[in-house]
Structures are given as structure tokens and as C-alpha cells.
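Visitor: got a predicted model here, sequence first, then my questions.
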Amino acid sequence: MKFSHRFKNVYLSLPSSVLSIFGQLAPPMFPILASLQLRDSDDANLARAQRNAAANFALLGLLFPRAPSLHRISLQLVFGDNMLPCNWKHLTSLTVSSPMLADLTLNALAQVPQMRALDLMINIFQDVPPWKDRATVYLNNLSILRLSLVPARRVPGQIDFETNILSMFHCIHCPALQSFSFSCPKMILISKLIFVSLPLDMLEELELEMTTTPEVLTECLLLIPNLTSFKFTDSTYRP
């Protein structure tokens, strides 16, 4: 692949097995590659996608070191609970559709103060230590934040999911935030404003998909005076 030194943007949507072959045959370096998008075209089959997790993670381990200039990464593939083996310090945009452990993700984000856009699936229901003493993650340039919390096996004794989620948001400092999207599993009733620590008065776009109460929703909207776009989905709440 003699022209790989000219690649700036790459998008691949292939079955995981073919993506793995690409990783093995790819050239040793993509020196100016700035944007990489990978999609497992078998991802609609959840069981198959999960079986591909180890192979997908190995693929990422092969490709990321060959692209030292990567700024934007979008991954629509499952790679397990492992943290992305990329150079986080250079990233400005990250989209990941595979559940990531909240604790490991916050550790990684602490290395990327220049991040501008995040779209992540977060598994927050793991047995993690209390976060009240965690250092704040400063994302001063972040303007777009999209978080989807995903269900996971319940940990015995850990039942206060709201406190866990609230703690996570308290760890994130993003004063330039303008667009925020948040979704939560339907089996969790959000009974308090868990993202109140975000700069809500700066938001222009808000999208929520969660089970909550009218009181929480009203409190939320009262704190967002500059809102120009709002989308709310609550299909499970019953008063």
C-alpha cells in the first residue's frame, strides 16, 4: 500500500474477520492519518459482536501505533473492558459504541485536556471504589458530550446507582460545554438531577433519554436559560 503516506481520513465498515485481516496487512505507518472510523458490520448480531471483542482489541493494538497523528477516532465495534491502546494525548474527538468502564475512562480523559467532542457508552455499574476523593478531570475545550449508560451485571450491595452517576459527573469539569446528550437504562428511575454539576447555564442543545419525574425535568429546564434545542424521551415512567 505505497500510497498510505497520503491517507488523512479512513473509514472502514467490514465484518470483524475482514477488519482483522486489514490490520495484519496494513502498512507499518500512516504518518498523517488524522481521522479513523472503524465499524464491525456484524455488530447487529450482539452475540457475534461480543465473540469478536478480543480480535477487535488486537486490531486496535496493531493500528493505533501506526497512526501517530490521529486526532479523531470513531469505533462501532466491541472490544471488551479494555482501555483503548491509543495515544490519548492527541485526541480531540472520540466516539465509541462499546461499553467502557467509567473508572478507566476518567483516568484516560485526564490525559486529554484538548478534547472537544466525546460520544461514549459507559458501564458505570461495576464494583468501583467511591469517587468522592477522585481528582477532577479538566476538559476545558469540550463542547459536545454524549453519554450512554449501559446495563451490566449488578454488583451485590451496590444499589445506589444515582450516587454513582452523580459522582462521575462531579469528576468532570467542562466549562465550554454547549451540547449535552444523556441516556440511561430504563430500569433506573432518575429521582434527582444527577448532572447538575455540569455548566447547564451554557448549554444550547440538550437531549435526554431516561426515566425520571416531572419535578426533575422541570428543575433541569429552569437551569438552562440558553437552550435552543431540546429532545426528551421517557417511555417508561408512570406517575
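Guide: In hand now; what should we look at? Numbering: from 1, shown residues only.
Visitor: so residue 58: helix, strand or coil?
Guide: helix (DSSP: H, G, I helix; E, B strand; the rest coil).
Visitor: am I right that it is in contact with residue 24?
Guide: No. The pair residue 58 / residue 24 is not scored as a contact, 9.6 Å apart, by CB atoms under 8 Å. Quick note: C-beta positions are derived from backbone N, CA and C, even for glycine.
Visitor: quick one: which of those two has more around it?
Guide: Each of residue 58 and residue 24 had its neighbours counted (other CB atoms under 10 Å), and the higher figure belongs to residue 58 (15 against 9).
Visitor: mind listing what that one touches?
Guide: For residue 58, the contact set (CB atoms under 8 Å, 6 or more residues apart in numbering) comprises 20, 23.
Visitor: now with 10 Å?
Guide: 20, 23, 24, 79, 85 (CB atoms under 10 Å, 6 or more residues apart in numbering).
Visitor: give me the sheet partners of the longest strand seen in the chain and which way each runs.
Guide: If you go by DSSP state E, the chain has its longest strand at strand 93-101. Note on strand 93-101: by DSSP bridges, its sheet partners are strand 72-76 (parallel), strand 117-123 (parallel).
Visitor: could I get the first one in PDB with only the CA atoms?
Guide: Read it as strand 72-76. Taking C-alpha atoms only, strand 72-76 is exported to PDB below (Å, rounded to 0.1, in the frame of the first residue of the first chain):
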ATOM      1  CA  ARG A  72     -10.400  11.800  15.700                       C
ATOM      2  CA  ILE A  73     -11.400   8.200  16.400                       C
ATOM      3  CA  SER A  74     -14.900   6.600  15.900                       C
ATOM      4  CA  LEU A  75     -15.300   3.000  16.800                       C
ATOM      5  CA  GLN A  76     -18.500   1.000  16.200                       C
END
